[in-house]
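J.: heads up, no residue letters with this:
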């Protein structure tokens, strides 16, 4: 599938995409995810809290840089989380999308797959103006951020 074609479909309002040749297993999984998404259930199976191998590859032995980024993230995360919560409550899709995207970008520095995934869901919720399960997803994101921050601390002190 050409990426530009896929992007056109999403820009036109399509929410999901399965490229050809498709496997029936992938279609079943997509349907299950759609049903769960509509129920507010999020499947984090197969995603890790912290991908330490990728984290080491990203930073090498530059622990000072990693510590600086952790400090910046620790200072900024609550600002984003508060704005995300307000956007969900006020049903402000643009603000939800913008702040979830920014938080997702900050999270990606740490190879925190689950937190990244949850921020991405909130970002899509903002884009699609769907707020039904936003607060429960936000709570999961907050817990996952706490978990990956603990994992990073263990990793750095190991």
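T.: Done, it's in. If you're wondering where the values come from, they're calculated on a predicted model, not measured in any experiment. Residues are numbered from 1 along each chain as shown.
J.: what about residue 135, which helix or strand?
T.: Element membership for residue 135, per DSSP states H and E: helix 134-157.
J.: do the same with residue 87
T.: Using DSSP H and E, residue 87 falls in helix 63-90.
J.: Averaged pLDDT, the helix holding residue 135. What do you get?
T.: Helix 134-157 shows a mean pLDDT of 88.
J.: what comes up buried for it?
T.: By 16 or more other CB atoms under 10 Å, the buried positions in helix 134-157 come out as 134, 137-138, 140-142, 144-145, 148-149, 151-152, 155. C-beta coordinates here come from the backbone N, C-alpha and C atoms, glycine included.
J.: Of those residues, which is the nearest to residue 119?
T.: residue 141 (6.1 Å; CB to CB).
J.: how far does the helix holding residue 87 sit from the chain's center?
T.: Centre-to-centre, helix 63-90 and its host chain are 13 Å apart (CA atoms, centre = their mean, to the nearest Å).
J.: and it, what other elements does it pack with?
T.: helix 52-59, helix 93-108, helix 113-128, helix 134-157 (3 or more CB pairs under 8 Å, 6 or more residues apart in numbering; DSSP states H and E).
J.: what's the closest of those helices to residue 2?
T.: helix 113-128 (21.5 Å).
J.: Show me which helix or strand of the protein is least confident by mean pLDDT.
T.: helix 24-39 (a mean of 67; mean pLDDT, DSSP states H and E).
J.: Can you classify the residue lying farthest from the centre of the chain by secondary structure?
T.: When each C-alpha in the chain is compared with the mean C-alpha position (CA atoms, centre = their mean), residue 21 comes out farthest, at 27.4 Å. Following DSSP: H, G, I helix; E, B strand; the rest coil, we place residue 21 in the coil state.
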